[in-house]
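> Fold the following, please.
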Amino acid sequence: MPALADEGGARMVPSPVTLPMTQSFTLHSQHTGRDYLIEVALPKAGAPRAGYPVLYALDGNARLPLLREARETLTRGGPRGDGLPLIVVGIGYPGIDRFAITARAEDYIPPGRDSADMSDDTPHGGADRFLAFIETELKPALASRYALDRSRQSLFGHSYGGLFTLYVLLTCPECFRDYIAISPSLWWHRERFFDDAVAAFADPGLCRKLKDRRVLMGVGALEQTPMPEERGTPKGERRRHNAMVDNARGMAEWLQRECLMLETRFTEFANTDHGSVMWPAARWIMEAFED
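Residues are numbered from 1 along each chain as shown. Take a look at the predicted model:
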């Protein structure tokens, strides 16, 4: 880190900035063979009698600071307020500023029928191993360090992370109380996820397991636009992965019809695209926790 000089010419060596009341550690997974950077943003408020509710945030390197500041700014009601007694846990990767492109694709994308369905040779299909890491390694590690409410645990993911979140909803409905999917990549494997959801809900037991649980799905209104190379192409001939709004809304409406026991919410965020959607989504997420 380069040294700076003040007005008098004295050398000043800047130090790294840390987030207040935020702790971190590295956790190795036997399931994925990978190290994870775990960042834990603690609230000012004391733990409720049942323990702290927890929000697990995928892509933690990029999302933990935003969600922590959303909690601090939107729920404390002023400089002296305690705010939500909510722990935010970022699940990220060591040595990465924001996104570990290859690692997250492998961890978040569900196993596919045919690897040829993917547009490139990026490693993928490790969602079951990554979920096993969360359930059998991460959750126990956190429970040994903090007072947590195991009945109020939530999973948040954006893009591939949103796809993973919905995959967990189908395969491990009891793992979390809230499933928060922002701009989920429902175009994956030529929209195979829709078929998988229909197959999963053919078992009436799945809906019963989702009783008293919530799925929150949001998407940016500008995510509906065609890819640059498809401008001028008739809408019906465009690839479906451009229709992020249609896909997210369609999945939310389908879940509402299919399982009345599951509380399903959908929001389309005006004037936002795949990146900027996280600003209003962070507010929406915090408001949901205040319900």
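
> Can you check the pLDDT for the nearest residue in space to residue 244 that is not next to it in sequence?
With CB to CB, 6 or more residues apart in numbering as the criterion, residue 244 has its nearest non-adjacent residue at 3.7 Å, and that residue is residue 223. (Glycine included, C-beta is placed from N, CA and C.) The model reports residue 223 with a pLDDT of 91.

> and residue 223, how many neighbours?
21 (other CB atoms under 10 Å).

> List the contacts of it.
Residue 223 is in contact with 183, 244-245, 273-274, 277, counting by CB atoms under 8 Å, 6 or more residues apart in numbering.

> Return the entry from the residues you listed with the maximum number of neighbours.
residue 183 (29 neighbours).

> What does the pLDDT read for that residue?
At residue 183, the pLDDT value in this model is 96.

> and what of residue 191?
73.

> and if you look at residue 195?
89.

> how many other residues sit next to it?
12.

> quick one: secondary structure of it?
Judged by DSSP: H, G, I helix; E, B strand; the rest coil, the three-state class of residue 195 is helix.

> wouldn't residue 256 be in contact with residue 250 here?
No - using CB atoms under 8 Å, residue 256 makes no contact with residue 250, being 10.8 Å away.

> one step back: and the residue nearest to residue 244, its phi and psi?
Dihedral pair for residue 223: phi -80, psi 0, per degrees, to the nearest 10.

> dump the residue contacts of the residue nearest the centre of the chain.
By CA atoms, centre = their mean, the chain has its centre lying nearest to residue 157, at 1.6 Å. By CB under 8 Å, 6+ apart, residue 157 lies in contact with 57-59, 108, 163-165, 180-182, 184.

> who does residue 219 bridge with?
residue 268 (DSSP bridges).
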